[in-house]
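Trainee: Take this sequence and fold it.
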Amino acid sequence: MDEGDEARSLRTATPTVFFSYSHEDQKQARPIINALQQAGYTVWWDGLLTGGEHFSQKTATALASARAIVVLWSKTSIQSDWVHDEAAEGHDRHCLVPLSLDGSLPPLGLRQYQTINLSRGGRQVGSREMRQLIEAVAALHERPLPPPSPRVLGIGRRPVILASGAAAGLAAAAAIGWRAGLFAPGEAPPNTVAVLPFANISGTSAQDYFADGLSAEVRAALARNVLLHVVGQTSSDMFKSRREDAETIARRLGVAFLLDGTVRLAANRVRVSAELIQGRSGFSRWAQIFDRTLDDIFSVQTEIAAAVTSALTREVAKTTPVKQAGETTNVAAFDAYLRGRADFALAAGTDTDHSALAHFEEAIAYDPNFGAAYAARARTLIAIANQLAAGEKRQLLCDEAIETARQSVTLAPELADAHSALAYALVSGRLDIRGARAPYEQSYALGRGDPDVVGRYALYCAHTGRLRDAEAAIDRAKDLDPLNSRTYWDIGSIKFVARHYSDAISAMDHALALNPRMANVDGYRGYCFLMMGELDKAEAAFREETGPLTRLPGLAMVAKRRGNAPEARQAFDRLVAELGDNGLYQQAEVLAQWKDEQGAIAALNRAWAARDPGLFLAGQDPLLDPIRTNSDFLRLLHNLGFK
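Mentor: Okay, here's the model as predicted:
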């Protein structure tokens, strides 16, 4: 078919996509139009107009009948009144899909939708940007992505293999398939699943938090089922923007199945497309579209969890999803909670922590019985307090965190995270090590499927001398979240406490491989080399460390071991000058390694008076071994609650 035949054919079809652009950009626009047509959509663009046709009438008719309005923004199209009007129509009808040809931003008033940037080579067929365009258009047509043929395609951000003819609405078939043995397991146990981060196709990056939060909530709902083994969030999130195929992802995560999905928010409606993919083959085994009002978002997350578990276990298929401990049925509260979690996860300093705190407080204001929001608020208060120097303001924040965590436990006594938040607040806020044991034990009893809860429990056990319990718990956390850099940091910390320095270094190396920007890991590698007597390696590790809390003490210790007293004193003075009372515990570690017993005890007493949270490490810290038998030190350990 030549171009003229194509034009005549498309003019007789009802257009489903209206393509708006500037005439100056027609050459660059044509490959994009072709991509949409190859995906199975009828596209109207003004190149289809023939001589004698009334431009305004044809344009208005095509615009009114289109299900998606794709606008190609550029330096020239921004100046076009026609393009402005057509984009405004898409905006008002919530069917706008904006593209940027050269990096230009849409005009003010039209920036609420996320713009797909084609300026970095994204116009090629099969590119990530072209796939995002097809996804957005597919969502507006309320149908699955068009399957050209069974081949590797980038669904969302991760290629998976689509089976030709796979349709939505197969929840019942999934359960039947399970009973019939269609879900034959590969090497991974058949009850293992990873929930990949859902893709936000709402057209605006401002909704990313919602898609991330919804996938996290579905993951948490699945994890509460004792019959399932669900990979933790951090490991799953490793593949948020990767392009590995389904088989590779499943193999790396050690699971039999992957749950993938997309989320689209428009006005007061949410559309969630979920797909269960068999890791061994990469084929879709179940898919369903959940189209609800935003008020029904809680039913969506429980429906997805129930549908997936029904495809994996008969027992869960017989149960009815109910509101879980600590959850809310208030949409505004849930939205604020998700925003707070997104900010807190950034861990970018006081600004994001304060923003997270404001969102958690907003969630509590909307729903005063939202137990999970209280737990999150408590952890955030401690994070803010720990960034402050010792003093009255810090103590007030810590007291408030403890009270908030207690409210969480009262409201949601079956919520593992509530007990974990209380235990963490007691240790960090008051150094109440004895008092933290009961809530830590309860958190572990309730939350064995949550790698964060399990990891915090493991560290508590290690630093209170219960190494066997710590190793058992951290092994479980690693199974739950095998690609979480924080888990390997925890493993290294436990090995360090156990004086297994070589093993600790291996774990820390693994943590850095997963997250090269992780703070204090190089510092602890340096401590391990120091304790092994390998001073050159220790110094190299300390100089790689960006955080002063371990870099400066480490350099002071290495210099002293080498007999360079002036250099050692210079590093110690920098520690005092830069960190002040926030580094009292680290000062004690340096002085203990210098064999200055009285100086170390004096620094520890000042740390105790300031309630320095670093003292939680004192019970098992190898760096304090030179003063381990000192009677004043033993008295301090007793006051802290260590046996």
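Trainee: which residues of the stretch 301-450 of the chain score low on pLDDT?
Mentor: The model of the stretch 301-450 of the chain has pLDDT under 70 over residues 301-325, 346-349, 388-390.
Trainee: Please tell me how far Ala401 sits from Ala60.
Mentor: In this structure, Ala401 lies at 59 Å from Ala60, with CB to CB, to the nearest Å as the measure. For every residue, glycine as well, the C-beta is placed using N, CA and C.
Trainee: quick one: which of those two has more around it?
Mentor: Taking Ala401 and Ala60 together and counting by other CB atoms under 10 Å, Ala401 has the greater number of neighbours (27 against 12).
Trainee: got the contact list for that one?
Mentor: Arg377, Ala378, Arg379, Leu381, Ile382, Ala385, Ala425, Ser428, Gly429 (CB atoms under 8 Å, 6 or more residues apart in numbering).
Trainee: where's Asn369 relative to Gln407, distance?
Mentor: Look at Asn369 and Gln407: by CB to CB, they are 10 Å apart.
Trainee: Where does pLDDT dip in the stretch 151-300 of the chain?
Mentor: Low-confidence regions of the stretch 151-300 of the chain, defined by pLDDT under 70, span residues 151-187, 206, 224-227, 233-238, 240-243, 296-297, 299-300.
Trainee: all strands for it, in order.
Mentor: Counting by DSSP state E, counting those that start in this stretch, residue ranges of the strands within the stretch 151-300 of the chain are 152-155, 158-161, 192-195, 199-200, 229-230, 257-266, 269-278, 284-293.
Trainee: Could you pick out the longest helix of this structure?
Mentor: Among all segments of the chain classified by DSSP state H, the helix with the greatest residue count is helix 392-411.
Trainee: buried stuff in that one?
Mentor: For helix 392-411, the buried set under the neighbour-count rule, 16 or more other CB atoms under 10 Å, comprises 394-395, 397-398, 400-402, 404-409, 411.
Trainee: next one: stretch 461-478
Mentor: Going through stretch 461-478 with 16+ other CB under 10 Å, the ones that come out buried are 461-464, 466-467, 469-471, 473-474, 476-478.
Trainee: Pick the one among the residues you listed closest to Glu247.
Mentor: Nearest to Glu247 among those is Lys478, at 22.3 Å by CB to CB.
Trainee: so that closest one, which of the three states?
Mentor: Counting by DSSP: H, G, I helix; E, B strand; the rest coil, the backbone at Lys478 sits in helix.
Trainee: Number of residues surrounding the closest residue to it other than its chain neighbours?
Mentor: The shortest distance from Lys478 to any residue other than its chain neighbours is 5.3 Å, reached at Thr487 (CB to CB, 6 or more residues apart in numbering). Number of residues near Thr487 (other CB under 10 Å) recorded here: 28.
Trainee: just to confirm, which helix or strand has Thr487 in it?
Mentor: Thr487 belongs to helix 485-497 when elements are defined using DSSP states H and E.
Trainee: per-residue confidence averaged over that helix?
Mentor: Helix 485-497 comes out with an average pLDDT of 93.
Trainee: other SSEs contacting the helix or strand following that helix?
Mentor: Remark: after helix 485-497, the chain's next helix or strand is helix 501-514, criterion DSSP H and E. Using 3 or more CB pairs under 8 Å, 6 or more residues apart in numbering; DSSP states H and E as the contact test, the elements touching helix 501-514 are helix 485-497, helix 521-531.
Trainee: List the contacts of the first one.
Mentor: By that I understand helix 485-497. For helix 485-497, contacts defined as CB under 8 Å, 6+ apart pick out 234, 451, 455, 458-459, 462-463, 467, 470-471, 474, 477-478, 481, 501, 503-508, 510-512, 514-515, 518, 521, 524, 527-528, 620-622.
Trainee: In this structure Met518 contacts Ala511, no?
Mentor: Yes - if you go by CB atoms under 8 Å, Met518 and Ala511 touch, sitting 5.9 Å apart.
Trainee: Who has more neighbours out of those two?
Mentor: Comparing Met518 with Ala511 by neighbour count (other CB under 10 Å), the higher total belongs to Ala511, at 24 against 17.
Trainee: Check the gap between the nearest residue to Arg219 once chain neighbours are set aside and Phe239 for me.
Mentor: Computed as CB to CB, 6+ apart, the closest residue to Arg219 that is not its neighbour in sequence is Val195, at 4.0 Å. The gap separating Val195 from Phe239 is 11 Å, by CB to CB.
Trainee: Which one's more surrounded, the two?
Mentor: The neighbour comparison of Val195 against Phe239 (other CB under 10 Å) goes to Val195, with 31 against 22.
Trainee: wait, what's in contact with Leu446?
Mentor: Glu414, Leu415, Ala416, His419, Val453.
Trainee: got the contact list for the host helix or strand of the last one?
Mentor: Val453 is part of helix 451-463, with elements assigned from DSSP H and E. Outside helix 451-463, the residues that touch it by CB under 8 Å, 6+ apart are 232-234, 416-417, 420, 423-424, 427, 436-437, 440-441, 443-444, 446-448, 467, 469-471, 473-474, 476-477, 480-481, 484, 486-487, 490, 493-494, 497-498, 616-617, 619-620.
Trainee: hmm, which of those residues are the buried ones?
Mentor: Among the contacts of helix 451-463, those classed as buried by 16+ other CB under 10 Å are 232-234, 416-417, 420, 423-424, 427, 436-437, 440-441, 443-444, 446-448, 467, 469-471, 473-474, 476-477, 480-481, 484, 486-487, 490, 493-494, 497-498, 616-617, 619-620.
Trainee: Phe19: how many residues sit nearby?
Mentor: Counted with other CB under 10 Å, residues neighbouring Phe19 total 27.
Trainee: Show me what it is bridged to.
Mentor: Beta-bridge partners for Phe19, by DSSP bridges, are Val70.
Trainee: Let me know the distance separating it from Tyr41.
Mentor: Here the criterion is CB to CB. By it, Phe19 lies 10 Å from Tyr41.
Trainee: for the stretch 1-150 of the chain, what spans make up the helices?
Mentor: Assigned by DSSP state H, counting those that start in this stretch, the stretch 1-150 of the chain shows helices spanning 3-12, 26-38, 55-65, 81-92, 128-140.
Trainee: Please convert the ones you listed to JSON lines, extending it with distance to Asp335 and mean pLDDT.
Mentor: Written out in JSON lines, the entries for the helices of the stretch 1-150 of the chain read as follows (distance: least, CB to CB, whole Å; pLDDT from 0 to 100):
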{"stretch": "helix 3-12", "distance to Asp335": "41", "mean pLDDT": "41"}
{"stretch": "helix 26-38", "distance to Asp335": "33", "mean pLDDT": "84"}
{"stretch": "helix 55-65", "distance to Asp335": "32", "mean pLDDT": "73"}
{"stretch": "helix 81-92", "distance to Asp335": "22", "mean pLDDT": "85"}
{"stretch": "helix 128-140", "distance to Asp335": "20", "mean pLDDT": "80"}
